[in-house]
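# let me see the structure of the following:
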Amino acid sequence: MHVTHLSLVDFRSYPRAEVELGPGVSSFVGPNGQGKTNLVEAIGYLATLGSHRVASDAPLVRMGAERAVVRAAVTEGERAQLVELELNPGRANRARLNRSTQVRPRDILGVVRTVLFAPEDLHLVKGDPGERRRFLDELVMARTPRLAGVRADYERVLKQRNTLLKSAATARRHGGRGADLTTLDVWDQHLARSGAELLAQRLSLVTALRPLTDKAYEELAPGGGPVALEYRSSAGETPGVGTREELYEVLLAALGEARPQEIERGVTLVGPHRDDLLLRLGDLPARGYASHGESWSFALALRLASFALLKDEGPEPVLVLDDVFAELDGRRRERLAELVGPGEQVLVTAAVPQDVPATLAGARFAVADGQVERE
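Below you'll find the predicted structure:
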């Protein structure tokens, strides 16, 4: 799979941009603040319906504009597709696939597949559990795009359940009778049902990633491992890869047990939204014990493992390396370049040409003053 053309209208700093791309390596080089990352961020948005830099869509729309449009032509073997997203902050985004408007944004998931390496990846190892949950869920949806609907259902039920619990907690603190909790059993069932499907997919994913991550870490830092991944569930003892019905029963029982504390605190304490992915380096948790270099190697290994998994299961993803080489020492820089260089399409951003390893020679674009020009 590779992107052959990227078109932007009022996205980030670009009033308009048209970029012709091809397979192999393409590097976007220019001083910081000129819009290099905006280009690859747009491609990543088409793949995940989210940005690796911000949590909302508003910053993605150029100041003064009402909306932004990201459009890409994508080739997979003999098949060519045109995918488009219109970003409307405060309103529903719109999607088009092959010029048809009869699609929802989540229906385009899977048309573009990317694996992104960025300086923010260090948060996968050093950051809070939310970073690792996001990593898992984005990869789950890349493997199985229909899970975007399951995740949306889970978040909707979670929000409504939390509203009910918050009302009950507020009333109790003020000496009232409390909210009517007769519907809580129904919300428990809904939350456990969608949560079980999401949990099953995460557990399956972690099982598939374990050997790939350990292998990738060894390739990046020979003799520095082993590394391991462990899924930590808020439902109690970390479950194995069970059936959805088994996981549904586990979550439902855990919700029942946690109910007194949830009513007291006014928030849902059990479910995939409270889980974590524990990363181990040797016998120790990587978070808090791994050095800076080890943390970088672990984060890169997770991305390399993601690429290997997606490539094995479907069309090869586009590899995006956003200003990552400037963060690495010489050995890791060259090793990463050797590992990703054979990719069908590799997109690199860098502040200076020297930051792009010679291994990744290919097309080069100069980015400055809102212009993208091929050299």
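
# residues touching the nearest residue to residue 129 once chain neighbours are set aside, list them.
Nearest residue to residue 129, sequence neighbours excluded (C-beta to C-beta, 6 or more residues apart in numbering): residue 276, at 3.9 Å. Bear in mind the C-beta positions are built from the backbone N, C-alpha and C, glycine included. Going by C-beta atoms under 8 Å, 6 or more residues apart in numbering, residue 276 touches 129, 132-133, 231-232.

# buried ones among those residues?
129, 132-133, 231 (16 or more other C-beta atoms under 10 Å).

# so which of the residues you listed are in helices?
129, 132-133 (DSSP state H).

# need the contact list for residue 226.
Going by C-beta under 8 Å, 6+ apart, the list of residues near residue 226 reads 214, 217-218, 282.

# farthest pair in the residues you listed?
218 and 282 (12.8 Å; C-beta to C-beta).

# quickly list what's touching both of these two.
In contact with both residue 218 and residue 282: 225-226, using C-beta under 8 Å, 6+ apart.

# which pLDDT value belongs to the residue nearest the centre of the chain?
By C-alpha atoms, centre = their mean, the chain has its centre lying nearest to residue 138, at 3.9 Å. At residue 138, the pLDDT value in this model is 93.

# my guess is it contacts residue 45, does it?
No: look at residue 138 against residue 45 with C-beta atoms under 8 Å: they stay out of range, at 11.8 Å.

# OK, contacts around the closest residue to residue 99 other than its chain neighbours?
Closest residue in space to residue 99, ignoring its immediate chain neighbours: residue 82 at 6.6 Å, by C-beta to C-beta, 6+ apart. Residues in contact with residue 82 (C-beta under 8 Å, 6+ apart) are 71-74, 96-99.

# of the contacts of residue 276, closest to residue 191?
Nearest member of those to residue 191, counting by C-beta to C-beta, is residue 133, at 15.9 Å.

# tell me the average confidence for the lengthiest helix in the chain?
Longest helix of the chain, by residue count under DSSP H: helix 184-220. Taken as a whole, helix 184-220 carries a mean pLDDT of 95.

# kindly report the same for stretch 16-29.
96.

# in that stretch, which residues are buried?
Going by 16+ other C-beta under 10 Å, stretch 16-29 has these buried residues: 17, 19, 21, 23-29.

# straight-line length of it, end to end?
End-to-end distance for stretch 16-29, by C-alpha to C-alpha, to the nearest Å: 19 Å.

# neighbouring contacts of that stretch?
Under C-beta under 8 Å, 6+ apart, the answer for stretch 16-29 is 2-11, 36, 39-40, 341, 344-353, 356, 360-367, 370, 372, 374.

# please check these and keep the buried ones.
The neighbour-count criterion (16+ other C-beta under 10 Å) marks 2-4, 6-11, 36, 39-40, 341, 344-351, 356, 360, 362-367, 372 among the contacts of stretch 16-29 as buried.

# just the strands from the stretch 51-200 of the chain, written as ranges.
68-76, 79-87, 94-97, 114-117 (DSSP state E, counting those that start in this stretch).

# now the stretch 251-375 of the chain
Under DSSP E, counting those that start in this stretch, the stretch 251-375 of the chain gives strands at 276-281, 284-285, 318-322, 345-350, 363-368, 371-374.

# make CSV from those strands and add distance to residue 261 and mean pLDDT to it.
Putting the strands of the stretch 251-375 of the chain into CSV (distance: least, C-beta to C-beta, whole Å; pLDDT from 0 to 100) gives the following:
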stretch, distance to residue 261, mean pLDDT
strand 276-281, 19, 96
strand 284-285, 26, 93
strand 318-322, 41, 96
strand 345-350, 46, 96
strand 363-368, 52, 94
strand 371-374, 54, 93
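
# next, the contact list for residue 330, please.
So residue 330 contacts nothing (C-beta under 8 Å, 6+ apart).

# now residue 12: how far from residue 73?
Taking C-beta to C-beta, to the nearest Å as the measure, residue 12 falls 20 Å from residue 73.

# did I read that right, residue 27 in a strand?
Yes: assessed with DSSP: H, G, I helix; E, B strand; the rest coil, residue 27 lies in a strand.
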